[in-house]
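Q: Can you look at this prediction? I've put the sequence above it.
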Amino acid sequence: MTKALTLQALAAELGLELRGAGVACTLSGIATLASAGPTDLSFYHNPRYSADLRNTRAAAVILRPEYAADCPVACLLTDNPYLAYARASQLFSPKVVATGNVHPSATIDPAATLAPDVSVAANVVIAAGVVIGAGSVISANCVIGEGSSIGKYCLLHPHVTVYAGVRLGERCIVHAAAVLGSDGFGFAKAGGRYHKIAQLGGISIGDDVEIGAGTSIDRGALDDTVIGNGVKIDNQVQIAHNVRVGDNSVICGCSAIAGSSVIGKNCTIAGAVGVINHVSICDNVTVTAMSLVSQDITEPGVYSSGTGLDTTGNWRRNIVRFRQLDDLWRRLLRLEKRGGGQH
Amino acid sequence: MTKALTLQALAAELGLELRGAGVACTLSGIATLASAGPTDLSFYHNPRYSADLRNTRAAAVILRPEYAADCPVACLLTDNPYLAYARASQLFSPKVVATGNVHPSATIDPAATLAPDVSVAANVVIAAGVVIGAGSVISANCVIGEGSSIGKYCLLHPHVTVYAGVRLGERCIVHAAAVLGSDGFGFAKAGGRYHKIAQLGGISIGDDVEIGAGTSIDRGALDDTVIGNGVKIDNQVQIAHNVRVGDNSVICGCSAIAGSSVIGKNCTIAGAVGVINHVSICDNVTVTAMSLVSQDITEPGVYSSGTGLDTTGNWRRNIVRFRQLDDLWRRLLRLEKRGGGQH
Amino acid sequence: MTKALTLQALAAELGLELRGAGVACTLSGIATLASAGPTDLSFYHNPRYSADLRNTRAAAVILRPEYAADCPVACLLTDNPYLAYARASQLFSPKVVATGNVHPSATIDPAATLAPDVSVAANVVIAAGVVIGAGSVISANCVIGEGSSIGKYCLLHPHVTVYAGVRLGERCIVHAAAVLGSDGFGFAKAGGRYHKIAQLGGISIGDDVEIGAGTSIDRGALDDTVIGNGVKIDNQVQIAHNVRVGDNSVICGCSAIAGSSVIGKNCTIAGAVGVINHVSICDNVTVTAMSLVSQDITEPGVYSSGTGLDTTGNWRRNIVRFRQLDDLWRRLLRLEKRGGGQH
């Protein structure tokens, strides 16, 4: 997918010590230890794969110095092999570079302001007052609404919708079919029906944010919905109006964060988690997959809800008992009392 | 975002009594009690914010007459402040008005029938037999399939897909990337593989329905999937084939309603709820967040499933015990019996 | 929606024995037993509807020979009425046929290779190196990235995004707003922030696969994400990087499969199920709605997690007890011990 790279050039680029490289080798890609061939780079960061390390046919392996002796091929030494792998992966990835090309089928309002090198692909629609910073790439069929701003070096994949009043920072990546700025879900009930509350706020998204495919982030009712710097959001996540997500937090696929809830900094929200509205989660919290956060979390730590998987036969018997759990407790207490309560 | 409005004009527009306004004040927007400045309107409907009320710097506050004495600024009096806020919010929201403009890049089949004032934005594709009522606005990059109809005063945001055979009522709002009319998920298994069942029904959607970003509603297998009047559906909701949702029900974000299930009128389905197929929920039911409805609900009320959030350490111990819950019950019964069963 | 079909022609087409048809009847559609009129075909495969069968006004009913005596109208006899219904439904469905028409607004790179009869609708964007097989139909506003390939007789509905490096087999159907090939969610954490791992793999999708509206499938980190032949995926499913789904498995709406997990052949993953990362599910497994698969499943069977639905009042009492479940067990064991342990 990209230009060839010698092992020596890679070591220099990543600033890593290269050990045991017999001859100049030109790398063609990255692969796992087990599947790498003689022109592939690989990496070792999990002891589970120690047998794969000893048998690898890779051109070179990124690893910690203490494992160099186990490696039958050239080594690139680092204390953080996973980070070095991340950096190396970027070198083998086709670069998306802003060229200043604007496809003739794009519809750009004369009152929009695009840096000269911004790339605009086919069928993109950009409204009045939009500002797009240098180095940004807007892929095919994106729509950007009135007055929104997109910082420098952003990449919008195809079919992204940005409503009016959205501010996106620098170096953000937005994946296909994501929606930024849809109306928050707000209604006043009266007379048996719902009256729409106009959503007058916008969205403020920091720098270095990645937003997954099909994810939706609603605009605020009055103030903005706020996504901090360095936040990473996976696919199909729903973030409701006036949510605030702190810097460097991660939200995995299919999670739903309801209105006005606050997620602190450096949190990890696993996949398919629900957070009800008006809840506050402090910094450094991890919530495991498919848990429901229905109350404030005020202490850092790891939190869960739900039950473990079981065969449906066993599970059916147990869920019947779950419905009687309070009764079971009361009967146990009665038995204890009858027994003298000497526990 | 909109034209200025005097406090007096606002009071007249909403039909509310204005009290304590010293001078003619021009309002610039709406804000919370705490953040409102001297040209902002605010509202008070939750006693939790009584301190904010006493300290507000807003131009005026919408509230119940009994709280007027606590308000340091002008008051707009009403028995339903939240409804009055909803109505006021519309006055401060930029109006989307049908202008009759049809962007030259739109592709409209000659056999489609659009009212003269319908607005059609760039790259919209409208197939043969489509009918769109007066006052409707079709935003950029929407696609509307053969023979579908859209009532008067509807707003389709960008990237909405309407398949063939979908009927949308009047005054509906459909948010970006929503999909109306995709095939229901129906297959006949034979010979170890699945044979597709053509989905021959359509969708019938009532008046005053709002549909969130990324929400999908499948067409019926034989009859239509039916969404009643006044139904509000949040983002990323999945509604399967032949579901029927009664008037004025609300379905919050990321909920999934499986095939042929029926939701009554005036129900509230909270976020990330699942409803299995062929289930019937009566009128006036609320289901709390992330619950699974796996059986009919025949009595109005509030329903839940799942467990509460806990630290993962405690939770792990308890889910082990959940797998043994039926055993625990049997052992308790045995103990009770041994004790003479005198509970 | 389609051309008329006589009952005799239908019987011949499906290879079924026709019994009791008085006169040549022209069929106009398919309907349920209860709603079918005198020109509708119907089918009977569930004993629950035996009363409907006896009272049906359909032109003819597809059913098993042993029920022919209960049918007041003409019968089409088969051992698998549901399969025969599936096949009949295709005859009444409007066919989407590739015509070779390419809409003038489509943007097709000269270095793409399309079979002569491929249909390309308005605003489609096809990049260099794309290959599309004979008989395929690309609907309005789809975007297909560099070097991806689409097999013969595929149908892409509107607004589908195919990133670069995706291979789709033959006879696949992809519904609106689906995203194939978005980046897997991979980051290396260092210095308190996340460093993106370029996702260098692609997606490999087999033949006869159906993918629902709004579903997203991420590209692999190094190797491909793999979807087997005959797999059916419903709406709003999220499939993460390097997941492998075996042949003829079904994944229902809103399920989320996390990275590197493996689903075997002939599995049924019901709606809103979560599968955590690096989990392996063997062949012939069913997971019921909203369950979380948090460990390997090595035996075929049916699996569940969660609790049953209850009134919120009861449920609240029970979830308090769930948090104390391990304590309850220990106290029960103490009571048993005190009682002599003679159970």
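A: That came in fine, so what should we check first? Fair warning: this is a prediction, and the values are worked out from it, not measured in the lab.
Q: near chain C, which residues of the stretch 151-300 of chain A?
A: A:157-159, A:173, A:175-177, A:208, A:210, A:212-214, A:230, A:232, A:234-236, A:248, A:250, A:252-254, A:266, A:270-272, A:289-290 (CB under 8 Å from any CB of the partner chain). Where C-beta positions appear, they are placed from N, C-alpha and C, glycine not excepted.
Q: Where strands are concerned, which of those count?
A: A:173, A:210, A:232, A:250 (DSSP state E).
Q: between these, which is nearest chain C?
A: A:K232 (5.5 Å; CB to the nearest CB).
Q: And that closest one, how far from A:L292?
A: A:K232 sits 22 Å away from A:L292, going by CB to CB, to the nearest Å.
Q: how about JSON lines for the ones in strands among the residues of the stretch 151-300 of chain A next to chain C, with neighbour count and distance to chain B added?
A: Shown next, in JSON lines, are those (neighbours: other CB atoms under 10 Å in any protein chain shown; distance: CB to the nearest CB, whole Å):
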{"residue": "A:I173", "neighbour count": "20", "distance to chain B": "18"}
{"residue": "A:E210", "neighbour count": "22", "distance to chain B": "18"}
{"residue": "A:K232", "neighbour count": "22", "distance to chain B": "19"}
{"residue": "A:V250", "neighbour count": "22", "distance to chain B": "17"}
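Q: what's the burial count for the closest residue to A:D207 other than its chain neighbours?
A: Distances taken as CB to CB, 6 or more residues apart in numbering or on different chains put A:G169 closest to A:D207, at 3.8 Å, once the chain neighbours are dropped. By other CB atoms under 10 Å in any protein chain shown, the residues close to A:G169 number 22.
Q: try A:D296
A: A:D296: 12 neighbours (other CB under 10 Å).
Q: Residue ranges in the stretch 1-150 of chain A under the pLDDT threshold?
A: The stretch 1-150 of chain A contains residues with pLDDT under 70 at A:1-3, A:22-23.
Q: who in it is up against chain C?
A: A:1, A:29-32, A:35, A:80, A:82-83, A:85-87, A:89-90, A:92-94, A:103, A:105, A:121-123, A:139-141.
Q: again, only using 7 Å
A: By CB under 7 Å from any CB of the partner chain, the part of the stretch 1-150 of chain A that sits against chain C consists of A:1, A:29-32, A:35, A:80, A:82-83, A:85-87, A:89-90, A:92-93, A:105, A:122-123, A:140-141.
Q: Now, those that are in helices?
A: A:82-83, A:85-87, A:89-90 (DSSP state H).
Q: Got a PyMOL select line for the buried ones in those?
A: Buried subset of those, written as a PyMOL selection, criterion 16 or more other CB atoms under 10 Å in any protein chain shown:
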select buried, chain A and resi 82+83+85+86+87+89
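Q: Can I get the ones in helices among the residues of the stretch 1-150 of chain A next to chain C in JSON lines including distance to B:E336?
A: Converted to JSON lines, those look like this (distance: CB to CB, whole Å):
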{"residue": "A:Y82", "distance to B:E336": "56"}
{"residue": "A:L83", "distance to B:E336": "60"}
{"residue": "A:Y85", "distance to B:E336": "60"}
{"residue": "A:A86", "distance to B:E336": "60"}
{"residue": "A:R87", "distance to B:E336": "65"}
{"residue": "A:S89", "distance to B:E336": "62"}
{"residue": "A:Q90", "distance to B:E336": "66"}
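Q: Doesn't A:A12 belong to a strand?
A: No - per DSSP: H, G, I helix; E, B strand; the rest coil, A:A12 lies outside any strand segment and is helix.
Q: Show me which helix runs longest in chain A.
A: Max-length helix for chain A by DSSP H is helix A:325-338.
Q: and it, is it in reach of chain B?
A: Yes - for helix A:325-338 and chain B, the contact criterion (CB under 7 Å from any CB) is met by A:328, A:331-332, A:334-335, A:338.
Q: Counting neighbours, which of those end up buried?
A: For the residues of helix A:325-338 next to chain B, buried by 16+ other CB under 10 Å: A:328, A:331-332, A:335.
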